[in-house]
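In: Here's my sequence, what's the structure:
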Amino acid sequence: MLTIMLIGLITVFLVFTVLYFVFLLFGFFSKKAAVKLPKKIEPQEEVGADEAEIAAVMAAIYAILGPVSIKKIYKKKEKRNWVVWKKTGWRGVKGWSGNSELE
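Out: The predicted structure is shown next:
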């Protein structure tokens, strides 16, 4: 009984050490395959006049309104415009039935 337990512990230890070295090798090889970024970053395009005007207008609106917070969100009660077909009966034994509207 003692030998079985000892062999089991040694086997588990060896499996973990093998896995450790496998993951070390994966880490070593994945460093070489990393995505390489360009050394020189190209300058971005300047913002056009239209975009600057839009940004200025939005900034003015936010400054006038102040901090905006949502107080309540609720679902509107309305009838849907489309019709949904549904199966009725136990696991569709009765087949397809008439349509029913979502409410």
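In: List the buried residues of the helix or strand harbouring Phe21.
Out: Counting by DSSP states H and E, the element that carries Phe21 is helix 2-32. Within helix 2-32, no residue is scored as buried using 16 or more other CB atoms under 10 Å. Heads up, the C-betas are built off the backbone N, CA and C, glycines and all.
In: Check which helices and strands that helix is in contact with.
Out: Here helix 2-32 touches no other helix or strand, going by 3 or more CB pairs under 8 Å, 6 or more residues apart in numbering; DSSP states H and E.
In: CA-only coordinates of the next helix or strand after that helix, as CSV, when you get a sec.
Out: Once helix 2-32 ends, the next helix or strand along the chain (criterion: DSSP H and E) is helix 49-65. What follows is helix 49-65, C-alpha atoms only, in CSV (Å, rounded to 0.1, in the frame of the first residue of the first chain):
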residue,chain,number,x,y,z
ALA,A,49,-13.1,72.3,-39.6
ASP,A,50,-16.4,70.5,-39.7
GLU,A,51,-15.4,68.0,-37.0
ALA,A,52,-14.0,70.9,-34.9
GLU,A,53,-17.3,72.8,-35.2
ILE,A,54,-19.3,69.7,-34.2
ALA,A,55,-17.1,69.1,-31.2
ALA,A,56,-17.4,72.8,-30.2
VAL,A,57,-21.2,72.6,-30.4
MET,A,58,-21.4,69.4,-28.5
ALA,A,59,-19.2,70.8,-25.8
ALA,A,60,-21.4,73.9,-25.5
ILE,A,61,-24.5,71.8,-25.2
TYR,A,62,-23.0,69.7,-22.5
ALA,A,63,-21.8,72.8,-20.6
ILE,A,64,-25.3,74.3,-20.7
LEU,A,65,-27.1,71.0,-19.7
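In: any idea how far Val15 is from Leu65?
Out: Counting by CB to CB, to the nearest Å, the gap from Leu65 to Val15 is 63 Å.
In: Could I get the average pLDDT for the helix holding Phe21?
Out: Mean pLDDT, helix 2-32: 90.
In: Same question for stretch 42-50.
Out: For stretch 42-50, the mean pLDDT works out to 69.
In: Span of it from start to end?
Out: One end of stretch 42-50 sits 23 Å from the other (CA to CA, to the nearest Å).
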